[in-house]
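Trainee: A predicted structure for the sequence below; I have some questions about it.
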Amino acid sequence: MLGFGDLDRALATRPGWFLNVTDVQFDLLASARHDGRFGEEFAVAWDTGQRFLWSRDGLRGRVPDRLEWKGPKKPPGYDLIPADLQADHVYLVSCKYQSDILMNTSPPHLFDRRLVDRQGERFDWYLEVAPAPFQELYRACRRVVGGSLPDHVRDLDADHRRALRAGLPKGGNWPDDLRQPYQDFVNAVSHETAQRWKANVATGAHREDLVWRMLRLQPAPYFVLGTSSRHIPLHYRVATPSEFRQQFALVNFDSWNPVAGQPAVAWRAEVSDRHTAEHHVVNGHVEVRWSQGRFGGFPEAKVYLDTPHHHVPGYVPLD
């Protein structure tokens, strides 16, 4: 983005107006470039920056006076825009490479509060939505692990959880005698979560607001640059909610429990173009998983986008 003729000159110059990048980090980049194993990654990153530099929606060929990498800075509050770079205090850029994850949040924040209010009570989602299947799974695991574990899963402390994780087999597969209790647990969590989510987005306004927030549409426009998990280049501007509403109308939002190997909820947003009447479908899923391994911390909700980014209404490709 900084207007140099080629990548090696940009790395060698180490411009002082590229903020929050230290000499140590530039040394690491130069070493990786010299190593030669990351030629494709460097080429993709360079082409992405060139695309943004010359795009009419982007910098329009004007080299920024100031480029800041925001990685080292933790935002003081709830940062709504997932920006990694900021050019001239104006252009916010999210760098996304080989990832289809939209966000990682808590289940109550997503399924109960619809991503509206981040402040709220944290609790064990599994105990909330599927207490009996969760207890049966724990009872079966307790028999396998042994030791002095409490009778009820709600009474586990940090030491108990570490003992459980250490005693259960590693990897994605469960032992034969635990597979059925685990599958019953998965089915219960997925079903109850999907039904609870539906009940909490009962109105059209709730559904529309949820879709905006899940797709990371914000009051200020920003840009996403990188590649998808399918190695497809990502160069697009994220529209604002008002811009989205001018062109599109949310027709429906639905959620259901899919056939999955872990607790999950599938979701689908159906959108109509107000000008062309074209129908768009955006699919995704949410993994409701332990945050620190089996019986670890409170479950987290990891939201995935299954539809290719360039087919999502509100994601405007850069020219």
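Mentor: Cool, the structure landed.
Trainee: Parallel or antiparallel, list what pairs with the longest strand anywhere in the chain.
Mentor: The longest strand of the chain (DSSP state E) is strand 279-290. Partners of strand 279-290 in the sheet, by DSSP bridges, are strand 264-273 (antiparallel), strand 299-305 (antiparallel).
Trainee: Can you check which of these gets nearest to residue 29?
Mentor: strand 299-305 (29.4 Å; C-beta to C-beta). In short, each C-beta sits where N, CA and C put it, glycine included.
Trainee: Just the CA trace of the closest one, in CSV.
Mentor: Output of strand 299-305 as CSV, limited to C-alpha atoms (Å, rounded to 0.1, in the frame of the first residue of the first chain):
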residue,chain,number,x,y,z
PRO,A,299,-18.3,-23.1,26.0
GLU,A,300,-17.7,-20.7,23.2
ALA,A,301,-19.7,-20.0,20.0
LYS,A,302,-17.6,-19.9,16.9
VAL,A,303,-19.5,-18.5,13.9
TYR,A,304,-18.6,-19.7,10.5
LEU,A,305,-19.6,-18.4,7.0
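Trainee: pLDDT on it, on average?
Mentor: Summarised as a single mean, pLDDT over strand 299-305 is 96.
Trainee: Okay, now the unreliable bits of the stretch 51-200 of the chain?
Mentor: Applying pLDDT under 70 to the stretch 51-200 of the chain flags residues 74-79.
Trainee: Could I get the full set of helices for it?
Mentor: 107, 125-129, 131-145, 158-167, 176-200 (DSSP state H, counting those that start in this stretch).
Trainee: Now find how far off-centre stretch 16-29 is within its chain.
Mentor: 27 Å (C-alpha atoms, centre = their mean, to the nearest Å).
Trainee: Would you indicate which residues of it are buried?
Mentor: 18, 21, 29 (16 or more other C-beta atoms under 10 Å).
Trainee: wait, what's in contact with the second one?
Mentor: When the contact criterion is C-beta atoms under 8 Å, 6 or more residues apart in numbering, the partners of residue 21 are 14, 69.
Trainee: That one: what secondary structure?
Mentor: coil (DSSP: H, G, I helix; E, B strand; the rest coil).
Trainee: Need the pLDDT of it.
Mentor: 91.
Trainee: same question, the last one
Mentor: As summarised for this prediction, residue 29 has a pLDDT of 93.
Trainee: That one reaches residue 11, doesn't it?
Mentor: Yes - contact between residue 29 and residue 11 holds when scored by C-beta atoms under 8 Å: they sit 5.9 Å apart.
Trainee: got a list of contacts for stretch 7-14?
Mentor: With C-beta under 8 Å, 6+ apart, stretch 7-14 has contacts from 2, 4, 21, 23, 26, 29-30, 33, 42, 46.
Trainee: switch to 7 Å and redo it
Mentor: 2, 4, 26, 29-30, 33, 42, 46 (C-beta atoms under 7 Å, 6 or more residues apart in numbering).
Trainee: what about it, distance to the chain center?
Mentor: 32 Å.
Trainee: That stretch: which residues count as buried?
Mentor: 7, 10-11.
Trainee: Same question for stretch 147-161.
Mentor: 149, 153, 156, 160-161.
Trainee: now, which of these sits nearest residue 317?
Mentor: residue 161 (45.6 Å).
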